[in-house]
Structure formats: C-alpha cells, structure tokens
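>>> sequence and computational prediction follow.
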Amino acid sequence: MQFSFTDDQNMIRDSAREFMSERCGSQQLRHDLESAENFDPSLWQTITQELGWAGLSLPESVGGSGLGMVELAIVLEEQGRCLYGGPLLASVGLASAILLECPQAEAREAVLARLASGEATAALAITGDRGLAGLDAIDMTLHEEQGGLRLDGVASFVLNGHVADVFVVAAKDQRAGRSGYAVVAVDTTVSGLRVEKKLAMDTTRPYARLTFESVRDVVLLAADVDGRTIERGVQVAQVALAAEQLGAMQAVLDLTTSYVSQRVQFGRVIGSFQAIKHRLADMMVICEAARSAVYYAACVVDEYRADPVTHAQELAEAAALVKVHCSAGFHDVAGNAIQLHGGIGFTWEYDAQLFFKRARATYNLLGAPVVHREHIARLMGLDDDKEVA
Amino acid sequence: MKIRFTPEQEAFRAGCASWLQQQMEGPFADIRGIMSQTFRADRRLEWERVLGQARWSVIGWPEKYGGRDASLAEQVIFAEEYARSGAPGRVGHLGTELAGPTILHFGNDLQRERFLLPIAKGEEFWCQGYSEPNAGSDLSNVRTRARLEHGPNGPEWVIDGQKIWTSLAQFADWCFVVCRTEEGTKGPAGISYLLVPMKQKGVTVKPIRQITGDAEFNEVFFDGARTKAEYCVGNPGEGWKVAMGTLAFERGVSTLAQQMTFRNELERIVEAAKSNGAASDPLIRQRMAEAWVGLRIMRYSALRMLSRATTGSLGGEALTYKLHWASWRKKLGELAMDVAGAPGELCVGEGYELADLPYLYLFSRADTIYGGTNQIQRNIVAERALGLPKEARGDR
C-alpha cells in the first residue's frame, strides 16, 4: 500500500502539465472553439506522435506503452485543467474502455492498434436521443441478414463523434437465436451512416448524433448476452471522465483563488473576507476529495484489469462513487466560481462560464449522480432481505 | 501508486483479527460496540491494560517503549481490524495518540523513559489541557500560568489557572498543559508545554454534563498544582510549536480507526432503515448513497495523507480532512435521526438513556466544534492551503 505517485508518475504529470499549459492555454482554447473540429488537429498530432498519449494506457500488443489507468488519469486530469476538447477522453478514455472489455480477437486488436498509434480516433455510441444511462438507453439493433450483419437505429450524445474515424457501438442483439447486447465497430465512412455535429451548451466539446440505416459494414467485437461487457467498460470510462473533471474543477478553483487575491473592494482584497475565504475552503474540500476518489478508482481499474473476477464488485463501487462525487462536485465548484467572480464571471469573455458548462455537460454524461447514487444504494444492500439479528 | 496490501501484510491482518475476535467474543464481550466514551469505564480501562500487555496498544511505537515497530501498512491494518471487531472506543487515546507521539517526537530521553511505557501498557491515562474559558478557537490566548519554584523537592513548576472541555480528565493520571510561563507575553510566545500529574491536591476536576446527558468532558482547575521542572516538553517558552505538533498527530493512523467506527454507524443506520421501511424511500436512498460515498472518500484521503506522512509535508488532503469528516458525520447524524423517525425521539430507559441512532445524532453536533471548529478549519484551509490573507486580530 503506497497511495502516492511514483517518480515516473510524477514525471508524466509534470511534463503533461508543462505541455498543456504552454500549448493549450485560454487563448488557444478560444481559438479552438471557433474551429470545425473544436480542437487543433496539429496539436493532437503532436500529442499522439510525439507524446504518445493515445497509446499510453493501451497494451503493448497493440503498440501502446502498456501503462495503466493511473497514468491515463494523470494525463486526462491535465487536459481537464485546460478544458481541452481533443479526442483523448472520447477515444482512449471512453471507447477503448469498452474495447478492452471485448474478447481479445483480431478485429478488436486492429481497432485498438489504430487508436494507439493515433492514426484514428474512436467515439462511443451507447445511448439514444434521451441521453439516459445504462443498457435500457441503447437505441440500436443488430440483425443478421443474408449471412451478414445489419445495424439500425440512433445513437446520440456521441462525444467527439464529429471527428471520429470509428464508432464503438452498443446494440441490442436481435440476431436469430440471440439475446442481450452486442458491441460492434463501424467506420465513419460506411454507407447508411449519417453523422450530424450537434452544438451543445458546452461549447468546449460538441456531440454527434448518429443515424444508422441498414448499415452492413459492421465488425462484431462482442456478443454481450448479459450486458456485462458494456457495463464494465462504461464503469472504467466513468473513472476516465472523472479524472478529467478533477483537473477542470481544480483549475477553476485556482482561477477563482487568483481572482479574489487581486480584486479590491472596500479597500482590501476580497479574498480577505471570510465569506469568500470560507466558500473557497469548501470548494477545496470538494477538490481534494475528488483527487482521493479519482486516483483510488484508477488503482481499482488497474487491479480489475489484472484480475477481473476478484475486483469486479470493487470496480462497480469505485466507478459509481467517482462519478457521483466528481460530477456533483465539479458543478458545485464551477457554480461557486461564477458567484465569487461577480459580474465578470457571468460574461462570455471570461473562462468561468466555460468551466460551468463543461461541468454541466459531464454531469449527465455516462449517467447523472442521481442514477449512480441509486446504484450505490443497491450495492449497499438496501434491497437485500432483512437479516435476522 | 498501489492500494493493495502484500500477502505478508494480509497474514498480519489475519493474526490481529483473530486475537481481537477472541477478546470481543470472550472476556470483553460485555463492552463490545460501546459508542459512549464514559460508559462502563472500569471495564474499558481494563481493556486498555489487556491491549497493552499483548503489545497491541501502540504498535507503531518502538519496541522498547511497548510498541512493535509496525510499518504504516500494519498500523492501517490493525486500525481497521480493531474497529471491525467491534472493540470499543479507546479510553486511552489521549495518551496513545496525542501525549505519547508528542513525547516521542518532541520530548527528551528522560521524558520518553518515564512516560511512554506506562502509556503503552495502559497503566497511566492522559487528558489534554488546551482550551480555557477565554481560549477556545483562539488557543494562544491561554492564561493558565506556571512559575518555576525551588522547593524541598527540587525545582518545580507551580501551575494556576483553569482548563475546560477536558475530555476524560476524570480518569486521567496526567495532563499535558499548555500554559504561560513568561510574564507579560501574549499569543504564541512565552507558552510552555508541561506534563502535570492529575492526582494531587492542587488539581480539581468538575464534570460538565453535555448534550447527550453524559459527562465526558470536564472543567479542570489548577490551584498551585505542581510538576517537576524536567517535565516541560521542548524549551520553556517554546511550547506553542509542541502544542501544534500534538494536533498534527490527530491526523495519524487513528483516523482510520475513527472511520471504521463511522462505517459501523452507517451500517447500523442501513439495518435500521431496512427494518423500518425507510430503505425504500428514494430520498433516504440518495442520502444513504451520499453518506457511503463520503465515507469511502474519507478512507482514500486518509491513505493519501498517511502515504505522504513519510515525506513530512502536509498536503491539501490533510488540511481539508477535518472539515470533510466533521461535516460528513453531522449529516450522518441527521440521516440517522430521519431514518429512526419519531420513535427515535423517545428515551429507551430510565434516566436520559438514548438509543444508538439518536445518541449519534446528538453527539455528532460536537464534531464540527472540537479540534478546531469548521469556521476555524475554513480559515486554516483558506490561509494555509490557498494562500489567502490571514484574519486580523482585534487586540494586537
């Protein structure tokens, strides 16, 4: 038990922070928001080709560096600090998480290899237009037809789907004699697939809505009868998302601390008033709790991957708790940041609004806290039969 | 970064778990799971002695002072198993967690030889002489004073003044007293940290009945009380540093034992909710989940804090820890009472005897006050961690 970064992990953190703050500051972000991709493709190329972050946590067998979730979380945290809108979270944090739950077959390895090298990015398509969480939200069907596969339906809220090369799709398995779910990969160029970019309240990252009409060019990755492949993949994805939320909430806390240390009213900096200090202290409590939760959950993911049978329950718990705390916490911290900035916090020009909107967007993504608290209530045994004392 | 224990450490876990289980199912079954600090005091003091004889009282201490030189991981494991076994709260904790570590760290060899072994063996109990009627949050305002006198027993400190909110003073053999030893000083300067025997003519302990009906804390009056000149920890006049050092030990491994107690409390609430139907209320379920999340995170923050302890620096997780757990437990108390419902408002026995959940509800109101109120904690976080301006004093 040593719950602190190793020297190597500290090095990754330092270099990620340096790179992101140099290359992806507020000005760059504003510039990116105006572009079609919502991020700078040449910067993304540097990230994949020179820094190797796309393959950081992917297995060496597909050309990755074979590091774990802790290292990925470190990098995602630093990207979150800058509200980076590039595809690392969507492709590696979310889509790869599902891929790694699928059986290790040639088709899966081929997709992962493209992601690890940075040659392609993936996006995860697991929910319909209502944007709910869980297997019930899947609005896609997989049929068998003339010896081939056919995919139909709608997938919405597909993060970074507007730029993805490949979609990892969850569908209801309606092939003859089958039940449950299936995970498939679909290239973005196949016929019958329409990709619409959806502008969102969170301008830092758009969604895509995908319409599949008799799409036949489908690669089956997993027949997921009980939905476990998808559920566990999503649990891992929640940890990745929470790491990004952690970075963003820390950054907006830092931004606010710095603002109240400079803003003078009544002849003193407003950060000297207890009304302000105490609220900032409460924000810091939330951030530190988030940090503990995220890195613990990242460790659990690594242990789960080494020994899925033993650690499945712990993964479910850790994933629910990070999603609950980081989503509610980030929203709280970003909301307080606006309040403590006063009028300037409410302007389009100032970054506080970007953090607030990112907080809101990630609040719902992969399930809102209310949904995961209910999961936890069940995991706590609130529905188990009463024990006889 | 690793969260798992090694097989050797797990074997250690099995060893302490089985010893604790034997005790709690056998000779000490009668005090298992007691929440109140004062209930069945005689048996609790006996339990402290048994822990000490078996060398389980202070396992992180050096062997020659009654410990086992246990590693951090082993201390974590023992703390967890201690609470899991249902063993009662440690009546000796002011000695084992505060006085002992302070003497070990800031004391001299003479003090270590004199005081540590009796603490480890459960032979001498301690209390903490910090707060005064006019020095609560503003601790450096202490007025209790001590002067050095050369009498027939050699040089001695003679102490006059009053302490308040002194937990477990009624059982204590010794008190670590923060007092002023330099006339005319104000604030942190001129304060000394003295170790004073409680069982003497010049010390009077008066219990204060608290919100729960118990009298766990006391007023302590020093009226010409005496202690040897050599029982001053650190140099005379430089005791403030030592006093603050003692508070830092509150963030030690004992926090994990405290969390396991919290876990037991949450489990009791879950059981109560399942038996009275509250478990099917969607709002109660959300609050239960929130409590569970907060408790888990507390554990991870404690592990972070302890993992960093070896480097000596105090991180954000340590500075925010008290605020986190105190606010959490107050909410837990409210949840407990909401789960209990109206029946929770009735006493369960003769006198003012409360069931566990109502007791927790009332007791948890202390958590956001003692050891630094939430308001003081927020100042500390804002000033020390976030670098915001310090509060101005009105009198200096």
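Received it, and whenever you're ready, just let me know what you need. Numbers count the residues shown, from 1 in each chain, chains lettered A, B, ... in the order given.

>>> where do the strands of chain B begin and end?
B:126-129, B:145-151, B:154-167, B:174-180, B:191-197, B:203-208, B:217-228, B:232-233 (DSSP state E).

>>> partners of the longest one in the sheet?
Using DSSP bridges, the strands paired with strand B:154-167 are strand B:145-151 (antiparallel), strand B:217-228 (antiparallel).

>>> out of the ones you listed, deepest packed?
strand B:217-228 (a mean of 20; mean count of other CB atoms under 10 Å in any protein chain shown). Quick note: C-beta positions are derived from backbone N, CA and C, even for glycine.

>>> could you give the angle of it to strand B:191-197?
Interaxial angle, strand B:217-228 versus strand B:191-197 (axes from the mean of the first three to the mean of the last three CA atoms, to 10 degrees): 90 degrees.

>>> domain assignment for the chain?
Defaulting to chain A. Per automatic domain parsing, the structural domains of chain A span A:124-224, A:228-379.

>>> actually it's chain B I care about, not the one you picked
B:7-91, B:126-237, B:250-385.

>>> closest one to B:Phe115 among the ones you listed?
domain B:126-237 (6.9 Å; CB to CB).

>>> centroid-wise, who is the farthest residue in chain A?
Distance from the C-alpha centroid of chain A peaks at A:Gly267, with 43.7 Å (CA atoms, centre = their mean).

>>> look up how far chain B lies from it.
Look at A:Gly267 and chain B: by CB to the nearest CB, to the nearest Å, they are 13 Å apart.

>>> what's the separation between that residue and B:Glu238?
A:Gly267 is 37 Å from B:Glu238, where distance means CB to CB, to the nearest Å.

>>> what do you get for A:Gly25?
For A:Gly25, the distance to B:Glu238 - CB to CB - is 47 Å.

>>> same question for A:Gly345.
Using CB to CB, A:Gly345 is found at 46 Å from B:Glu238.

>>> ok, A:Met380 next?
For A:Met380, the distance to B:Glu238 - CB to CB - is 50 Å.

>>> likewise A:Leu220?
Distance, A:Leu220 to B:Glu238, using CB to CB: 74 Å.

>>> who's A:Val215 bridged to?
Under DSSP bridges, the beta-bridge partners of A:Val215 are A:Leu151.

>>> how many other residues sit next to it?
Residues near A:Val215, counting by other CB atoms under 10 Å in any protein chain shown, number 25.

>>> that one contacts A:Gly192, doesn't it?
Yes: counting by CB atoms under 8 Å, A:Gly192 is a contact partner of A:Val215 at 4.0 Å.

>>> pull up the per-residue confidence for the residue of the stretch 101-250 of chain B found nearest chain A.
Minimum separation of the stretch 101-250 of chain B from chain A (CB to the nearest CB) falls at B:Ser137, amounting to 12.7 Å. On the pLDDT scale, B:Ser137 is placed at 92.

>>> next, count neighbours for it.
Applying other CB under 10 Å, we find 12 residues neighbouring B:Ser137.

>>> contacting residues for it?
By CB atoms under 8 Å, 6 or more residues apart in numbering or on different chains, the contact set of B:Ser137 is B:Gly372, B:Thr373, B:Gln375, B:Ile376.

>>> before we move on, the earlier item: A:Gly345 and B:Glu238: which has the busier surroundings?
Per other CB under 10 Å, whichever of A:Gly345 and B:Glu238 has more neighbours is A:Gly345, with 22 against 18.

>>> any idea how far the more buried one is from B:Leu139?
37 Å.

>>> what's the answer for B:Arg145, then?
15 Å.

>>> ditto for A:Thr347
Relative to B:Leu139, A:Thr347 is positioned 44 Å away (CB to CB).

>>> more neighbours, these two?
Higher neighbour count among A:Thr347 and B:Leu139: B:Leu139, with 19 against 12, using other CB under 10 Å.

>>> so the more buried one is in contact with B:Val178, correct?
Yes: counting by CB under 8 Å, B:Val178 is a contact partner of B:Leu139 at 7.3 Å.

>>> what pLDDT is listed against whatever residue of the stretch 51-200 of chain B ends up closest to chain A?
Per CB to the nearest CB, B:Ala73 is where the stretch 51-200 of chain B lies closest to chain A, at 4.8 Å. Note on B:Ala73: pLDDT of 87.

>>> equivalent analysis for B:Gln258, please.
Listed pLDDT for B:Gln258 reads 85.

>>> number of residues surrounding it?
That count, for B:Gln258 with other CB under 10 Å as the rule, works out to 19.

>>> how about the nearest residue to it once chain neighbours are set aside, what does it touch?
Setting aside the residues directly before and after it, B:Gln258 is nearest to B:Trp325 in space (CB to CB, 6 or more residues apart in numbering or on different chains), at 7.5 Å. The contact partners of B:Trp325, taken as CB under 8 Å, 6+ apart, are B:Thr255, B:Gln258, B:Gln259, B:Phe262, B:Met298, B:Asp367.

>>> what residues does stretch B:45-59 touch?
B:16, B:19-20, B:23, B:27-28, B:31, B:65-68, B:70, B:74-75, B:78, B:87-88, B:90-92, B:96, B:100, B:119-123, B:125, B:171.

>>> so which of these sit within helices?
Mapping the contacts of stretch B:45-59 onto helices (DSSP state H) picks out B:Cys16, B:Trp19, B:Leu20, B:Gln23, B:Glu74, B:Gln75, B:Phe78, B:Gly100, B:Ile119, B:Ala120.

>>> so the fifth one touches B:Glu10, yeah?
No: B:Glu74 sits out of contact with B:Glu10 when judged by CB under 8 Å, with a separation of 10.9 Å.

>>> from B:Gly154, how far out is A:Ala319?
65 Å.

>>> can you give me the end-to-end distance of stretch B:20-29?
Stretch B:20-29 has its terminal residues 11 Å apart, counting by CA to CA, to the nearest Å.

>>> what mean pLDDT does that stretch have?
Averaged across stretch B:20-29, pLDDT comes to 96.

>>> may I see the buried residues of that stretch?
Buried residues in stretch B:20-29, counted by 16 or more other CB atoms under 10 Å in any protein chain shown: B:Leu20, B:Gln23, B:Met24, B:Phe28.

>>> how about stretch B:278-291?
Neighbour-count burial for stretch B:278-291, counted by 16+ other CB under 10 Å, picks out B:Ala278, B:Ala279, B:Ile284, B:Arg285, B:Gln286, B:Arg287, B:Met288, B:Ala289, B:Glu290, B:Ala291.

>>> tabulate those (CSV), appending pLDDT.
Converted to CSV, those look like this (pLDDT from 0 to 100):
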residue, pLDDT
B:Ala278, 97
B:Ala279, 97
B:Ile284, 98
B:Arg285, 98
B:Gln286, 98
B:Arg287, 98
B:Met288, 98
B:Ala289, 98
B:Glu290, 98
B:Ala291, 98
